[in-house]
Every structure is written in structure tokens, then in C-alpha cells.
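*Asks:* Structure of the sequence below:
(chains A and B)
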Protein chains: 2
Amino acid sequence: MDGLNCVIPDSERVIFDSNIEEKYLSDTLGRLRGRAEALVFPESTKEVSDIMKYAFEHGIPVTPRGAGTNLVGSTVPADGGIVLDLSRMNRVLEIDKETFTATVEPGVVLEDFQKLVESEGLFYPPDPGEKTATIGGNISTNAGGMRAVKYGVTRDYVRGLEVVLADGSVAELGGKVVKDSSGLSLKHLMIGSEGTLGIITKAIVKLTVKPQTSLSVLLPFDDLHTGIRAVLNVIRGNLDPTAIEFVEKKVVNLGEEYVGLSFPYKDAQAYILLTFDGDDTEEIYKRVEKLKAVAEESGAKDVLLLEDQKTIDAVWKIRGALVKAVEAKSEQEPVDIVVPINKSAEFIEYINRLEQETGVQMVSFGHAGDGNVHLCVVRGSRTQEQWEEDRRKVLAFAYDKSSELGGLTSGEHGIGLSKKKYLKKATDPLNLQMMKQVKLSLDPKNILNANKIFD
Amino acid sequence: MDGLNCVIPDSERVIFDSNIEEKYLSDTLGRLRGRAEALVFPESTKEVSDIMKYAFEHGIPVTPRGAGTNLVGSTVPADGGIVLDLSRMNRVLEIDKETFTATVEPGVVLEDFQKLVESEGLFYPPDPGEKTATIGGNISTNAGGMRAVKYGVTRDYVRGLEVVLADGSVAELGGKVVKDSSGLSLKHLMIGSEGTLGIITKAIVKLTVKPQTSLSVLLPFDDLHTGIRAVLNVIRGNLDPTAIEFVEKKVVNLGEEYVGLSFPYKDAQAYILLTFDGDDTEEIYKRVEKLKAVAEESGAKDVLLLEDQKTIDAVWKIRGALVKAVEAKSEQEPVDIVVPINKSAEFIEYINRLEQETGVQMVSFGHAGDGNVHLCVVRGSRTQEQWEEDRRKVLAFAYDKSSELGGLTSGEHGIGLSKKKYLKKATDPLNLQMMKQVKLSLDPKNILNANKIFD
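*Replies:* Okay, here's the model as predicted:
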């Protein structure tokens, strides 16, 4: 690996072996740990290309990473080799107000980027929960987030990509244009590929105009099933909500305890939390009036417009802190199964029964508007051995149920290392075979984030 | 090829050699003509799979087709073999009002499908100009259309696909779920691949709720440049238009003459035509009020709300008939270059200069909201030889200009046979190499619509 010193002559940016900090060998959960002979911090596409040429020539595995906030081991260098940290490539190269695009390097941090474009009156709608993730990471996992109901996911905002391939060649895919029917969509193939096909070194993303105002509404229900039926009626009502989240009372309680705040309506077993945005307050209130009618017909116990800042803060802080509230008490395994929107309630009810039958606590909440269920499987006081056994057992049941309901393994986290076996079980071997063939067609030496997604 | 009679025992659905009608050897323009030894009309996925197994075993080229309405020779069986006509697989298998999806066979005709879902109060937003195309064809070219400004293109409405691969195996990609980060997106790779990677035998598409009402507005301008600047201001104004079309006066005149109707405002050189839709007339009028302010500031000579049914019909009939108006007078070559939205005016101005310099008439109009310019290069009274020479000359200039402006070869028609050389010139050889590698990874014998998009 000494040759890397010739590729990147700045010794401060090439770290070897035991000098590599532990965090570069894992993901944000820190449970899976790899090994690496070198950690490199490139600062340009040219450097990424040179590193890949070197790695390709010598057949060295390369694991790209941004902020390392992923939850599925995508950034774990399982086979050793080089860890390529793109966090120093973090410049916003252009905000183009005429084409409503921004051109960014992959290491730009999501929350910094959102703030920057909003300060210009523009808006980057994708809003994954983890704000310290990088745009490159978001694109690599096709990250979703709460605003997906109205605005779509990261994929929908990628206009163009610059990608360094396994052999160091640099490809430009897409561009500033809106439409593209110019051959096979290599851009869409790259999005969500978790660094297995190429390393994103630049992205052109779509911006919109920042909505002037927004309003949150909380609907309490006697049970989640009724709440999910109400969501279908809301969608049918064409009310254009930005977000539709669901959370059960028992989960709210965890969040309330953790942040020391409380939900405004106590006498309910489940809640649906909606936001609406737009430029015209009156128009938003008109939609909320329609929501009231739909919600009442659909069995909501009340329709609470969150207009008081303290209440708004409380509700969103509690919703935002749910994972951390779980983690404060115990290790947990995050799952982000996605099922057809009309199956969420059935899935959660199954999970609740599974919890009772197995005694393994499973905290679920998530995106009711798109059937994306977040599930925290809680370790509690189990020994490592018990935990592994119980976790394996309940996850197998959960993923099987998801498949039975027409669901998929991941809605927004990706597959990485830790969900590989579940993808393998849920997916026809033909699909995995196709993925492997495509992967090897672009990375014949299998050096780019090898053994992620599939073996 | 006799073996096909064993695969499909119904002789009426397997036609050989000289019994094959000419139309099955071409596209809708009829200029490029291929040859085929067999034409087959499968009626099920099983039959498509059996045909592909037979073709794969014998290394026979297969050219899939739906309604054959494509404009770029995608359905021309250039290398002989089997033409696979999917138009009899035309059942709508399910309209699922709970997940807002429809499951359709590929041969379902767009206009039939739109009518059917609208009769159920639902809405399939993609609206390519050619209503007699099939959904399978729309997906294969990632067809766009006028409503793309608000609703996006066909790609954005494909939730799941069933695809028969080159060797006859059947893959299920995606599903009814909204989000998907479960491995490489083979679904997105298939969309827009013009039948080169697999044969679509089923599609799950996303539906929305049908908007209750819509309103068209016509803005006349002294020149196109001012009109296109106004479009950027409209987008910046966040007015959520459904469609933003542009057309120059000289082009309107052709349409007026052809349909025998006239535009409501004469004293202008260019027009921007917008539609707005929604459920609430008052809310639409509010957006139109804002549009008035933006349009006047941006140099529009007037703001004409089209409220009289006769005027609405006239304007849309003229807009819809432009290609036919050109074709009534002469053969033409359709081009659908896409440039960044702020470059449309510069591109059209270049085309107008090119027209004057070369004497080759070029009629341009199109989707101002997404920079997708339709260009009809008109043959006029040229001899075949002159026409080929002049066409080649002006198209080379047009595509070069598009590249210079950051544009791409096709916004919605695809590449097929006739735009291959322009894609080759406009695209980095690396991209074409990647496409070829991906193609061969899934179709190693190169039998599926071979030599389309790239050689």
C-alpha cells in the first residue's frame, strides 16, 4: 500500500494500518467492524480516480464512505483494503437559480446543504432523519425521509452524477436537464447502489422553491388500524400532505420520557401526524378543513391543529427522538421494511403479536404515507448469545411477514452487510443473479464495496 | 423457425416470412424497414418466456413491439429473426384503490387506460402526445408528455415490472410499495431501455386522484426569448402549473391552417401556453392571479384565461396537431432534444438561424417547462439524396448545439436506430461502453432488440 503515498503525496491524508481510527472501520451503530490497510481522504475527483487506478491495478478492495451514518454496515470494510473517506470533498460548487439545480461534491452534509439553499429561497425536499449524513451517502442509499409523501425520495432529485468507476475512469451521467430518454439509465442504476458500482464524486440535484409556510396536524385514534384506514382516506381526498407519520401510544410514551415533553392528547392508542406546506396560509387551512371532515368520518377522536409553538416543538421533538429514546435504554437493531400502504396496520399488528409471543420488545413507528415502517428490535438485558438468537428469530418472522404482504427488505436504509441475508431470503435468486451480473459488468475485479447487498 | 409452431400452437398467432405485414417491420414513420422470419402474438407471460427460451437456444434476434408508435426505429427488426408483438396482452389486471396502483399487461393502450382509471375517479398523470401507444412502449422509452412539469414522466409512475429476460427467465422487479432501497434498481435500469434488456410483460403503475378541474392560460409575447424568461419566473413563483408549452407564431400558423381554427391573440411572435389543475376553482384562480403579475412583469403582452370552450378547443387542437400539420405538407424528421430549461430560447434561436442559413425548414415547439424541444426537420420538395444530405447536415448542427448547451439527445422519444449516431457523438465513449457491458451482462447472446441505442 505504500504506493498510495505517491498517489496522494500529502501524508496527513493517507493513514495506514493501526493508525486508522476505529470509527472508520464501522457504520454508525459500531457493531460490525472491518479492517483496513489504508484510510485515504481524497480532495478531488482526480485523486479519487488515481486511488481507484491504483486499487484496480493491485486488486485492492475499496470501501467508500461519507459521514458514515449508515445503519446497515455499508461502510464496513469487510475485506480489508482501502477506506475512501469523501467527507473532505464537501463544496457546494454551484447553485443555479435558472435551472433550479445545485452541483455539489459528495461530502456536503445534508443539514448544511438544506440551510444553504433555504437561505437562497430555494428548497431541497428530501429530508432523511439523519441530518449529518452526506448527500453522497443519501444518493448511495436512495434515502427517503418524512417529506417523501409529497416530494418523493432522493432518487427523484438527482439530475446528474459524476462517478469514478472501479478502474478509475470518470463517467458523467445525466446533467442539468429535466428529462432523459437517451439510452440505458446508468444514473438510476448508480442511485441506491451503496458504492458497489462506482464512487460518486459530484452530483447535480434538483431544487424547488421553498414553501412559505407549513402546518402540522395531530389525529388521535383508538387503535392503529383505524388510523391507517384514515390515512388511505386522506390520500384519496387529494389533500397533498407533505408528511404522514404514524406512532403508537406506547412508543410516544418512550419518546415523552426521553425528551421530557408530552403529546397534547393523551386518551389515544395511536396517532397520525401530518404536515401540510404551501405559500398560502388560507389555502392550507382549506385543505385542513377537508382533512377534518375526512378524519372525523374515518374515526379520529379529534383533529388537533398544532398552532402553538411549544406544542409543535414537543410533538416533533418526541417524534424525532424515538430511535434515540430506544437506544438510551438498550442496544437495538433498526429495520426499515416497506409494505404496500394499505398493509402497514396489518404488519404492525403482526409485529405487536410477535412481541407478545416472543417477549422481544419491538418499537415501531414510521412513514404511514408510504408504508415504510421503522422497527427497533430491542436487546434489553440479553446476553450477546441470547440477543443474537432472539434477534435472528424475530427478524426472520418480520421479514417473512413483509414478503407475504408484498413488501420489500428496505425502504430507505439500504441492504449493506446486515440486511443481506434478509434480502437473499425475500428476493428471487434470479434478481440477485441479475444484480451480480450487472455489478461484475462494471466492476469485473469486484473491488468496489464488495460483498455488500449480495455475496 | 418452424419450432415456433410448437411454442405457440395457434397458427393464427405465428406468421412467417412473406406473410408478415409491412407495418410490423418498421416504426410509425415507416422509413426504416427491417426483415423478420417470424411475427408472434403471445397472449401470456408464459408464452413470451417460451418464445425467448426458443430464441435464446437458437440465438435468434427478437424485436419486441407494442403499438409500434415509436419515432426512432426502436421496433425495426434490423437483424431479422422474430418480431414479438405484445398488443394482445392488453388486460388491465387490477385497479387497486387502496394502494393507488394499477397492474396492467404491456399492450394496454394509453388512452384506454387513462379513460378507465378516470372513470374510477383516479388519474394516471403521464400524458405522452401519442395516445394510441401502449403502456409497455411508454415504459420502454420513459415517455414524457405535457403534464411532466407537475407530475413527472413515465419512470416516476412505475412501481413494479415483470420482465422476461433474454433466456426466458421471468423477473419481478419492485412491487406495490412506494419506496425501495433493496439493492441495485433493476427496475429503473429496465425503464427506458427500449426492449434491449428484457421484455415487459406486466407493470404495476402508480395512480393518483383525478383533479376536479383545470384551467388553461395563454401568454402572448413579442419574441420567444422573453417568453422563455417568463417561464423561469413562473417556476420561481411556485405556481405549480401542470404544463408549460411554447410555440412560435410561425408554427401556430401551420397548425391553424391545418385544423381550420385560430389562436385567440394574433399580434405576437411567440406563445406560452399553461395549464393549472386542482380540486378547488378558487385556489386555481388565485394561482392564476399570481401568474398575471409574474407574466406582466416578465413582458407578456396579455394574459388570456381560456374560459370559453370553443377557444380552449381551438388552442389545444392547434397545439396537438402541429406534427400532423407539418406532415400533411411534407415528410419530416422528428427530433426531441432536451436542454437545461434556461437554454431553450438560445437553442430555438440557434435553430431559427440555422433554418435561415441552410434553407432547411425546421418547425420547433415543445415543453418549455422542462427544456424538451420538439423539432420537425422538413423535407419539402427535396430529392431523396438532397434530403438525406441536408438532414444529416442540420441534425449534426442541432445536436452539437444541444451538447454545447448541456443538453441530451432525447428527452422522451428514445434513441432506437435513427438517433444512434447522434447519441454516439454526444456521449462520452465510456458511457456507451458501460451501457454495452450492462446490456451484455443481462443478454449475453445479444438477441434482445440488438443494435438499438448503441452498436
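
*Asks:* Relative to B:E331, how far out is A:D127?
*Replies:* Using CB to CB, to the nearest Å, A:D127 is found at 51 Å from B:E331. Every residue, glycine included, has its C-beta placed from N, CA and C.

*Asks:* contacts for the helix or strand where A:Q386 lies?
*Replies:* Element membership for A:Q386 (DSSP states H and E) is helix A:384-404. Here helix A:384-404 makes contact (CB atoms under 8 Å, 6 or more residues apart in numbering or on different chains) with A:331, A:333, A:335, A:337-339, A:347, A:350-351, A:354, A:358, A:360, A:362, A:375, A:377, A:379, A:382, A:408-409, A:422, A:425-426.

*Asks:* Okay, buried residues for it please.
*Replies:* Neighbour-count burial for helix A:384-404 flags A:W387, A:D390, A:R391, A:V394, A:L395, A:F397, A:A398, A:Y399, A:K401, A:S402, A:S403 (criterion: 16 or more other CB atoms under 10 Å in any protein chain shown).

*Asks:* And that helix, how far out from the chain middle?
*Replies:* Using CA atoms, centre = their mean, to the nearest Å, the distance from the centre of helix A:384-404 to the centre of the chain it belongs to is 21 Å.

*Asks:* now stretch A:193-209
*Replies:* Relative to its chain's centre, stretch A:193-209 lies at 14 Å (CA atoms, centre = their mean).

*Asks:* got a list of what A:L239 touches?
*Replies:* So A:L239 contacts A:F276, A:R287, A:K290, A:L291, A:V294 (CB under 8 Å, 6+ apart).

*Asks:* most neighbours, which of those residues?
*Replies:* A:L291 (25 neighbours; other CB atoms under 10 Å in any protein chain shown).

*Asks:* pretty sure that residue contacts A:G237?
*Replies:* Yes. Counting by CB atoms under 8 Å, A:G237 is a contact partner of A:L291 at 7.3 Å.

*Asks:* Quick check: buried residues in the helix or strand that contains A:E283?
*Replies:* Element membership for A:E283 (DSSP H and E) is helix A:281-297. Within helix A:281-297, the residues that count as buried by 16+ other CB under 10 Å are A:E283, A:I284, A:K286, A:R287, A:V288, A:K290, A:L291, A:K292, A:V294, A:A295.

*Asks:* Please name every helix or strand in contact with that helix.
*Replies:* strand A:213-221, helix A:224-236, strand A:270-278, helix B:281-297 (3 or more CB pairs under 8 Å, 6 or more residues apart in numbering or on different chains; DSSP states H and E).

*Asks:* In JSON lines: the ones you listed, plus distance to A:A243.
*Replies:* Output for the helices and strands packed on helix A:281-297, formatted as JSON lines (distance: least, CB to CB, whole Å):
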{"stretch": "strand A:213-221", "distance to A:A243": "9"}
{"stretch": "helix A:224-236", "distance to A:A243": "11"}
{"stretch": "strand A:270-278", "distance to A:A243": "5"}
{"stretch": "helix B:281-297", "distance to A:A243": "21"}
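
*Asks:* Within range of chain B, give me the residues from the stretch 201-350 of chain A.
*Replies:* A:208-209, A:211, A:232, A:235-238, A:279-280, A:283, A:286, A:336, A:338-342 (CB under 8 Å from any CB of the partner chain).

*Asks:* Swap in 10 Å and give it another go.
*Replies:* Residues of the stretch 201-350 of chain A lying near chain B by CB under 10 Å from any CB of the partner chain: A:204, A:208-212, A:229, A:232, A:235-240, A:278-280, A:282-283, A:286-287, A:290, A:336-343.

*Asks:* Just the buried residues of those.
*Replies:* Buried members of those, counted by 16+ other CB under 10 Å: A:204, A:209-211, A:229, A:232, A:235, A:237-240, A:278-280, A:283, A:286-287, A:290, A:336-343.

*Asks:* count of neighbours near A:K266?
*Replies:* Residues lying near A:K266 (other CB under 10 Å) number 9.

*Asks:* isn't it right next to A:D302, touching?
*Replies:* No. Applying CB atoms under 10 Å as the test, A:K266 and A:D302 come out as separate, 11.0 Å apart.

*Asks:* Could you name every residue contacting both of these two?
*Replies:* Both A:K266 and A:D302 are in contact with A:P220, where contact means CB atoms under 10 Å, 6 or more residues apart in numbering or on different chains.

*Asks:* ok, back up a step: can I get the helices and strands packed on helix A:281-297 in CSV with mean pLDDT and distance to A:L306?
*Replies:* CSV is the format used below for these (pLDDT from 0 to 100; distance: least, CB to CB, whole Å):
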stretch, mean pLDDT, distance to A:L306
strand A:213-221, 96, 4
helix A:224-236, 92, 16
strand A:270-278, 96, 9
helix B:281-297, 95, 23
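
*Asks:* closest one to B:L165 among those?
*Replies:* Of all the helices and strands packed on helix A:281-297, helix A:224-236 sits nearest to B:L165, with 34.4 Å by CB to CB.

*Asks:* can you tell me which of the contacts of helix A:384-404 are in helices?
*Replies:* A:F347, A:Y350, A:I351, A:L354, A:T358, A:Y422, A:K425, A:A426 (DSSP state H).

*Asks:* OK, contacts around the residue in the stretch 1-150 of chain A that chain B sits nearest to?
*Replies:* As assessed by CB to the nearest CB, chain B sits closest to A:E98 within the stretch 1-150 of chain A, at 3.7 Å. Taking CB under 10 Å, 6+ apart, we find A:E98 in contact with A:K176, B:R229, B:L232, B:I235, B:R236, B:P340, B:I341, B:N342, B:K343.

*Asks:* which two from those residues end up farthest apart in space?
*Replies:* A:K176 and B:R229 (17.2 Å).

*Asks:* wait, A:T28 sits on A:E130?
*Replies:* Yes. Between A:T28 and A:E130 a contact is recorded at 7.8 Å, counting by CB under 10 Å.

*Asks:* Need the overlap of contacts for the two.
*Replies:* Residues touching both A:T28 and A:E130 by CB under 10 Å, 6+ apart: A:A67, A:T69, A:N70, A:L71.

*Asks:* Of the residues you listed, which is the most crowded?
*Replies:* Most neighbours among the shared contacts of A:T28 and A:E130, by other CB under 10 Å: A:N70, with 28 neighbours.

*Asks:* That residue reaches A:T141, doesn't it?
*Replies:* Yes. Contact criterion CB under 10 Å: A:N70 and A:T141 qualify, at 6.5 Å.

*Asks:* Which residues are in contact with each of the two?
*Replies:* With CB under 10 Å, 6+ apart, A:N70 and A:T141 have common neighbours A:A133, A:E194, A:G195, A:H413, A:G414, A:G416.

*Asks:* out of the residues you listed, which touch chain B?
*Replies:* Checking the shared contacts of A:N70 and A:T141 against chain B (CB under 10 Å from any CB), the matches are A:E194, A:H413, A:G414.

*Asks:* So which of those residues wins on neighbours?
*Replies:* A:G414 leads these on contacts (other CB under 10 Å) with 30 neighbours.

*Asks:* and it, what is it in contact with?
*Replies:* A:70-74, A:137, A:140-143, A:192-195, A:336, A:423, A:452-453, B:181-183.
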